[in-house]
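Novice: Can you look at this prediction? I've put the sequence above it.
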Amino acid sequence: MILLVIDVQKGIADEELYAYDTFMDRTVRLIEAARKNHVEVIYFQHDAGPESGLSAGDEAFEIADEVKPQAGEKVFVKTINSCFGNKDFTAYMERQEDKRLMVIGLQTNWCIDCTVKSAFERGYEVIIPEGANSTFDNDYMTGETTYRYYNEEIWPDCFADCVTVEEAIDMMEK
């Protein structure tokens, strides 16, 4: 199993996210559990392009301090929503025998959704821990409605196995 930590960057990991405290607490717990159980942790940073404020060299681009990678953990940069848009990551994953991906991070309706569906289409078993992805309110839905729509309606029994944090940690321990 591999834990993907997607776009938990300083510029978007803030208290305007739906259930921010729960999201950050669960994200930290899952990363700690992965490290403790020798589950590989791979980070992603979204680069929205020059002058976007969310690009290499910008403070907002940096991974949030609460979840910083440790020495030796891989960090990939992506410029589209799906992590599989990074060719180096895709090639790395093709060499892995274990086809289980646990996906956490930001934002539910953008990069998480695209990565979940891309992984599913490539034959990966996708695991989504409850409360370990989040998003903002938008013109059509609140962050809560968006979160619930994907985590309770779109992904379960189709694209991913949506589990509690305790179940996710138990999976890592086995």
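Specialist: That came through, no problem. Residues are numbered from 1 along each chain as shown.
Novice: which residues touch the helix ranked longest in the chain?
Specialist: What stands out as the longest helix in the chain, according to DSSP state H, is helix 20-36. In this structure, residues lying in contact with helix 20-36 by Cβ atoms under 8 Å, 6 or more residues apart in numbering are 3, 5, 8, 13-14, 17, 39-41, 64, 66-67, 70, 102, 104-105, 129-134, 165, 168-169, 172-173. Bear in mind the C-beta positions are built from the backbone N, C-alpha and C, glycine included.
Novice: next one: stretch 64-73
Specialist: Contacts for stretch 64-73 (Cβ under 8 Å, 6+ apart): 5, 8-10, 13, 24, 27-28, 31, 35, 40-43, 63, 75.
Novice: Endpoints of that stretch, how far apart?
Specialist: Using Cα to Cα, to the nearest Å, the end-to-end distance of stretch 64-73 comes to 15 Å.
Novice: nearest residue to Ile154 other than its sequence neighbours?
Specialist: Among residues not flanking Ile154 along the chain, Asp113 sits closest, at 7.4 Å (Cβ to Cβ, 6 or more residues apart in numbering).
Novice: Next: Lys74.
Specialist: Ile42 (4.8 Å).
Novice: Ile12 now?
Specialist: Per Cβ to Cβ, 6+ apart, closest to Ile12 is Leu106, 5.5 Å.
Novice: what's near enough to touch the closest residue to Ala60 other than its chain neighbours?
Specialist: Leaving aside its chain neighbours, Ala60 sits nearest to Gly11 (2.5 Å; criterion: Cβ to Cβ, 6+ apart). Gly11 makes contact with Gly53, Leu54, Asp58, Glu59, Ala60, Phe61, according to Cβ under 8 Å, 6+ apart.
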